[in-house]
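S.K.: quick one, structure for this:
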Amino acid sequence: MLSFLKKAWSAVLVVFVLAAAGAGCILPQAQPGTGRDTGSGDGAAAGNQVTVVLYFPDSQAMYLEREEQTVEAAQGETYEILAVKALIEGPAVEGHGKVIPEGTELLSLEIVEGVAYVDFSEEFVKNHWGGSAGETMTIFSVVNTLTESPNVRAVMFLVEGEKLESLAGHIDITGPIERNEDIIGD
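M.R.: Numbers count the residues shown, from 1 in each chain. Below you'll find the predicted structure:
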């Protein structure tokens, strides 16, 4: 009888430990301001709400302004992919401008040694409105948004898998572009 009680008690203890450990396995929301999902880092679980930090131009297109949006993650989507998809969708705050041209799709996003290789569809270039201010806002909106993630220190732009010399002829983007704090408004 004593042996049976020991086995039963051990089974109850195992179930309790597994239940307690399982409770900590749920992916929490991204921490606003941290720029990342606080889960496993391999991607969010489907249906998980994630807060992303985005940068959109102000109404004068002189500075980028911070905007937080809560988005729904599909299975395996990383914080970085969610952030770029939210940039493509556009701002939620009145007065913020859209920075990604109409029809643009995110083809892929891969992070290698801190550099995010972001591959957009051809509409990223074909439908861009041009101008030095427009180009600056688009480039640094993407860069500053992605560098909110501790996994990203710089961004490399690709279109249909190819490196670009420039988006609209004003900024050299042949190499990785780093965060620009000076363009962020108060």
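S.K.: need the helices for the protein, in chain order.
M.R.: Secondary structure of the chain (DSSP state H): helices at 2-23, 79-89, 123-126, 132-146.
S.K.: share the number of residues neighbouring V118, please.
M.R.: Neighbourhood size, V118 [other CB atoms under 10 Å]: 24. All C-beta spots, glycine's among them, are computed from the backbone N, C-alpha and C.
S.K.: kindly report the same for the one 5 residues further on.
M.R.: Around E123 there are 15 other residues, counting by other CB under 10 Å.
S.K.: now do the contacts for it.
M.R.: P101, E102, G103, T104, E105 (CB atoms under 8 Å, 6 or more residues apart in numbering).
S.K.: separation between the first one and Q49?
M.R.: What it means is P101. Distance, P101 to Q49, by CB to CB, to the nearest Å: 28 Å.
S.K.: quick check: the gap between the residue most central in space within the chain and G95.
M.R.: Nearest to the mean C-alpha position of the chain, by CA atoms, centre = their mean, lies E80 at 2.5 Å. From E80 over to G95 the distance is 26 Å, taken as CB to CB.
S.K.: so where's the protein uncertain?
M.R.: Counting by pLDDT under 70, the chain has low-confidence residues at 1-46.
S.K.: strands along that one, start to end?
M.R.: According to DSSP state E, the chain carries its strands in the segments 49-57, 64-72, 106-112, 115-120, 154-159, 162-163, 177-178.
S.K.: looking at the ones you listed, which one is packed in the most?
M.R.: Among those, ranked by average contacts under mean count of other CB atoms under 10 Å, first place goes to strand 49-57 (a mean of 23).
S.K.: which strands and helices lie in contact with it?
M.R.: Contact partners of strand 49-57 among helices and strands, from 3 or more CB pairs under 8 Å, 6 or more residues apart in numbering; DSSP states H and E: strand 64-72, helix 79-89, helix 132-146.
S.K.: for E165, which of these is the nearest?
M.R.: With respect to E165, and counting by CB to CB, the nearest of the helices and strands packed on strand 49-57 is helix 132-146 at 12.2 Å.
S.K.: I'd like to check the angle between the closest one and strand 64-72, please.
M.R.: Relative orientation of helix 132-146 versus strand 64-72 (axes from the mean of the first three to the mean of the last three CA atoms, to 10 degrees): 50 degrees.
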